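Engineer: Have a look at this prediction, sequence included:
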Amino acid sequence: MKKVFESPSDMSEYLFRIVDNGGSSFDRYTVVFSDGSYLALSGNPTSAQGFSQSGEGIDPQTLQDWVEEGKAVDLALGDLPPGLVQHILYRCNEGLEDFLESVENRDPRAVAPNRDAAEENDGIHDSLGKGIYWTEDGYRIRLEGDPEDDRGPYETAREAILGSMPDHYSMSGPEYHSTVDLMRLEPDPDVLKAVAELEEKRDAEWEKERGLGR
């Protein structure tokens, strides 16, 4: 598979928030991106009993409410179970594979032949892939203003797609951003402690429900 995201660092602006509900549901982890898309994942999504489903249009207020109400904990990449980061990269690359090929082939539906024909990349949440056009120097991204304000030139289609992507502020203001450094690749003991406490709370609630059911 050809990849847009070759490493986690390529997602530094695109990755918006990761929350963990402590296992209160099968889709324990919600991984949200700056275009409003998301992945709902179990801890081992590639197993026969695993879960990995994508969606669109998540409300950042929902995530904030979960965290503020103690129903979920903010995670960084390094706090996820082993293998989950690679799965996230795989799913994102899978979703962009056809578009990457179109940009490489300079399909007119993906790459405008010149700046005048290119759609303006306005930087909002659905700007991924918008505004790409071709020049003799390579790919560029059309922005508002003069040609010298445009992004690029980029040598590769992959670089052009990365250059067109929305960032955290395209999704929302800072009040809904993650409370942790998303790109941290080592586990944080304080975060893992918060997760363990959420799991204990979940187990206690389940035990209470079983008791009431007798």
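Structural biologist: Yep, it's here.
Engineer: all helices for the protein, in order.
Structural biologist: In the chain, the segments counted as helices under DSSP state H are 60-68, 84-104, 157-164, 168-171, 189-213.
Engineer: Let me see the residues that make contact with stretch 85-104.
Structural biologist: The list of residues contacting stretch 85-104 from outside it, by C-beta atoms under 8 Å, 6 or more residues apart in numbering, reads 1-5, 7-8, 11, 14, 31, 33, 39, 41, 45-46, 52, 54, 77, 109-111, 129, 132, 139, 157-158, 160-161, 185. C-beta here means a position set from N, CA and C on the backbone, and glycine is covered the same way.
Engineer: Any buried residues in it, and which?
Structural biologist: 85, 87-93, 96, 99-100, 102-104 (16 or more other C-beta atoms under 10 Å).
Engineer: same thing with stretch 48-55?
Structural biologist: 51-52.
Engineer: Burial-wise, tell me which of the helices of the chain comes out on top.
Structural biologist: Ranked by average neighbour count under the criterion mean count of other C-beta atoms under 10 Å, the helices of the chain are headed by helix 157-164 at a mean of 21.
Engineer: other SSEs contacting that one?
Structural biologist: Packing partners of helix 157-164 (3 or more C-beta pairs under 8 Å, 6 or more residues apart in numbering; DSSP states H and E): helix 84-104, strand 132-135, strand 138-141, strand 151-154.
Engineer: okay but Gly50 is in contact with Ala40, surely?
Structural biologist: No. Judged on C-beta atoms under 8 Å, Gly50 makes no contact with Ala40 at a distance of 11.4 Å.
Engineer: where does this protein have its least confident helix or strand?
Structural biologist: Averaged element by element with mean pLDDT, DSSP states H and E, the chain has its least confident helix or strand at helix 189-213 (a mean of 86).
Engineer: just how off-centre is that one within its chain?
Structural biologist: Computed by C-alpha atoms, centre = their mean, to the nearest Å, the chain-centroid distance of helix 189-213 equals 27 Å.
Engineer: Next: stretch 82-92.
Structural biologist: So, by C-alpha atoms, centre = their mean, the centroid of stretch 82-92 is 11 Å from its chain's centroid.
Engineer: Any stretches of the chain with poor pLDDT?
Structural biologist: Per-residue confidence of the chain (counting by pLDDT under 70) places the weak regions at 212-214.
Engineer: Just want the most central residue of the protein.
Structural biologist: Computing the C-alpha centroid of the chain and ranking residues by C-alpha atoms, centre = their mean puts Phe33 first, at 2.8 Å.
Engineer: ok, now which ones touch it?
Structural biologist: Going by C-beta under 8 Å, 6+ apart, Phe33 touches 14-16, 92, 171.
Engineer: Let me know the distance separating the residue nearest to Ser170 when sequence neighbours are not counted from Asp190.
Structural biologist: Of all residues beyond its chain neighbours, the one nearest Ser170 is His125 (4.7 Å), with distances taken as C-beta to C-beta, 6 or more residues apart in numbering. Distance of His125 to Asp190, given as C-beta to C-beta, to the nearest Å: 31 Å.
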